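Student: Need coordinates for the following:
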Amino acid sequence: MVAEVTLSSSAQQHLRRLDTRRDLAKVADLVELCFSDTLDPEGRQYLNEMRRAAQTTSMIRLAGNLIEDTPYVPSGYVWEEGNQLVGNLSLIPITYHAKRGYMIANVATHPDYRGHGIATALTISALKHAQSHGAGSVWLQVRDDNPSAIHIYESTGFIERMRRTSWYSGPSYELMPTPVGVKVINRQLQHWLRQREWLERLYPADLAWNIPLDWNLFRPDLLGTFYRAFSLESMRHWCVECNGELHGALSWKHSTGIADTLWLAIPEQPDEQAILALLTTSRSTFRKEQPLSLNFPADQAVELLRRAGFYPHQTLIWMAVSINQ
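Tutor: This next block holds a predicted model:
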């Protein structure tokens, strides 16, 4: 539930709603200043797109008019000191379990103004906004090595729900010899049910608002074939068998972003040699110029992924607070 916290009159003098017409470029600059050493490739691409949008007056005007009418345009709150924008919080509408919700993102405070309660005031304003707009929940992600931010969110009612690590492929890896009895093959129809079972455990429904898993793209049957053809999407799938028994599956999907996406499906107690063979053998078929990304539960398959040439970018704590219940 939302913590009962109110804003001081001083905070209300500095805090206001985001104005996309004049704030977008300043927000991009502030976020880059605060997180330049932790931004992943998608994050940098997002900032570039934000700056391009800020240069297009018509796009900014349209975004400002549509903020509360579309799930795709972020709104938010900013904190000003004089004429300087020193704090920001973005609010992105989401759908969570068929109900309206919000994701808090881009929470940033200028280094010279930290420790004065700005992030807390922005978070409280975001929760009040969500409550007044009938949202059922608010979500956010925070790095596991940011204890001050974690404390702010816990003090305003957020509860940890899960931890996820984002991995990227490195430039090199060692192609391991396939152990005796282990075969890496293209996925077969009979592998699908077990693959889906593992995916549902590793990518649970609580992730769907942020990491959507379109099951129709994965289906190996005729319906899946038609769906991919009409949606102009394509995927590739590999499986690893040990003495005829399925031990893991890996799916690849091309992305228009910086990195292609991988989905790894393995049992709770994986055969390390089999999964390593699956990862390295499939990697040898990918385009070398396109990096690969993989989102996975924190602390799972860490050494396997490292040995297959992946490196962890960051581990995020997913937190949520329920409102209007």
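
Student: Please make it C-alpha for all contacts and neighbour counts, starting now.
Tutor: Fine.

Student: Could you pull out the strands in the stretch 201-325 of the chain for me?
Tutor: Using DSSP state E, counting those that start in this stretch, the strands found in the stretch 201-325 of the chain span residues 235-242, 245-253, 260-265, 292-297, 310-322.

Student: Output those in TSV; the columns should cover distance to Glu160, mean neighbour count and mean pLDDT.
Tutor: Below are the strands of the stretch 201-325 of the chain laid out as TSV (distance: least, C-alpha to C-alpha, whole Å; neighbours: other C-alpha atoms under 10 Å; pLDDT from 0 to 100):
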stretch	distance to Glu160	mean neighbour count	mean pLDDT
strand 235-242	33	19	95
strand 245-253	28	21	96
strand 260-265	24	21	95
strand 292-297	14	20	95
strand 310-322	4	20	95
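
Student: Kindly reformat those as a markdown table and extend each row with distance to Trp139.
Tutor: Below are these laid out as a markdown table (distance: least, C-alpha to C-alpha, whole Å):
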| stretch | distance to Trp139 |
| --- | --- |
| strand 235-242 | 30 |
| strand 245-253 | 26 |
| strand 260-265 | 23 |
| strand 292-297 | 17 |
| strand 310-322 | 4 |
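
Student: Quick one: closest of the ones you listed to Val78.
Tutor: Comparison of those against Val78 by C-alpha to C-alpha identifies strand 310-322 as nearest, at 21.3 Å.

Student: send the alpha carbons of that closest one over as PDB?
Tutor: Written as PDB, here are the backbone C-alpha positions of strand 310-322 (Å, rounded to 0.1, in the frame of the first residue of the first chain):
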ATOM      1  CA  PHE A 310      28.400 -13.000 -22.000                       C
ATOM      2  CA  TYR A 311      29.000 -10.300 -19.400                       C
ATOM      3  CA  PRO A 312      26.500  -8.800 -16.900                       C
ATOM      4  CA  HIS A 313      25.600  -5.200 -17.500                       C
ATOM      5  CA  GLN A 314      23.500  -4.600 -14.300                       C
ATOM      6  CA  THR A 315      21.200  -6.300 -11.800                       C
ATOM      7  CA  LEU A 316      17.900  -4.500 -11.200                       C
ATOM      8  CA  ILE A 317      15.600  -4.900  -8.300                       C
ATOM      9  CA  TRP A 318      12.000  -4.800  -9.500                       C
ATOM     10  CA  MET A 319       9.800  -3.100  -6.800                       C
ATOM     11  CA  ALA A 320       6.100  -2.400  -6.700                       C
ATOM     12  CA  VAL A 321       3.400  -0.800  -4.600                       C
ATOM     13  CA  SER A 322      -0.300  -1.500  -4.700                       C
END
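
Student: what's it in contact with?
Tutor: 1-2, 38, 40, 136-144, 157-170, 298, 305 (C-alpha atoms under 8 Å, 6 or more residues apart in numbering).

Student: Give me the subset of the residues you listed lying in strands.
Tutor: If you go by DSSP state E, the contacts of strand 310-322 have 137-143, 159-169 in strands.

Student: which of these count as buried?
Tutor: Among the ones in strands among the contacts of strand 310-322, those classed as buried by neighbour count (16 or more other C-alpha atoms under 10 Å) are 137-143, 159-160, 163-169.

Student: Low-confidence bits of this protein, can you list those?
Tutor: 1-11, 57-74, 173, 176, 287-289, 324-325 (pLDDT under 70).
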